[in-house]
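K.L.:
I'd like to go over a predicted model; first the sequence, then the structure.
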Amino acid sequence: MELKINQQIKQFNADSLSVQSLLDLEIPNKQNGIAVAINNTVVPKTNWSQHFVSETDEILIISATQGG
């Protein structure tokens, strides 16, 4: 499966991936303080395990930072 994540094309050896599975592969140790949007719509953290991505989706992973 080929996915576009944060404007970069990445390859995954899977036919289907939930948002949670994708995050487990991409950022396994930094899942606090992040937001995920698919096709410009935020996916609530409570839905990550049930929401599946497809190759046509534009995925944006945003990490909160401290500072001002």
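P.N.:
That came through, no problem. Keep in mind the model is a prediction, meaning the values are calculated, not measured.
K.L.:
in the chain, what residue spans correspond to helices?
P.N.:
19-26 (DSSP state H).
K.L.:
which stretches of it form strands?
P.N.:
Using DSSP state E, the strands of the chain run over residues 2-5, 8-11, 17-18, 34-38, 41-43, 52-53, 58-63.
K.L.:
got TSV for the ones you listed, with mean neighbour count, distance to Leu25 and mean pLDDT too?
P.N.:
Heads up, the C-betas are built off the backbone N, CA and C, glycines and all. Output for those, formatted as TSV (neighbours: other Cβ atoms under 10 Å; distance: least, Cβ to Cβ, whole Å; pLDDT from 0 to 100):
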stretch	mean neighbour count	distance to Leu25	mean pLDDT
strand 2-5	15	10	94
strand 8-11	10	9	94
strand 17-18	18	8	96
strand 34-38	16	13	96
strand 41-43	13	16	97
strand 52-53	18	11	96
strand 58-63	15	12	94
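K.L.:
need those strands in CSV with distance to Ile27, can you?
P.N.:
Listed next are the strands of the chain as CSV, based on distance: least, Cβ to Cβ, whole Å:
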stretch, distance to Ile27
strand 2-5, 10
strand 8-11, 12
strand 17-18, 14
strand 34-38, 7
strand 41-43, 15
strand 52-53, 15
strand 58-63, 7
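K.L.:
quick one: closest of these to Asp24.
P.N.:
strand 17-18 (9.1 Å; Cβ to Cβ).
K.L.:
where's the closest residue to Val36 other than its chain neighbours relative to Ile61, distance?
P.N.:
Nearest non-adjacent residue to Val36, counting by Cβ to Cβ, 6 or more residues apart in numbering: Val43, 5.0 Å away. With the distance defined as Cβ to Cβ, to the nearest Å, Val43 ends up 10 Å from Ile61.
K.L.:
any residues in contact with both of those two?
P.N.:
Val36 (Cβ atoms under 8 Å, 6 or more residues apart in numbering).
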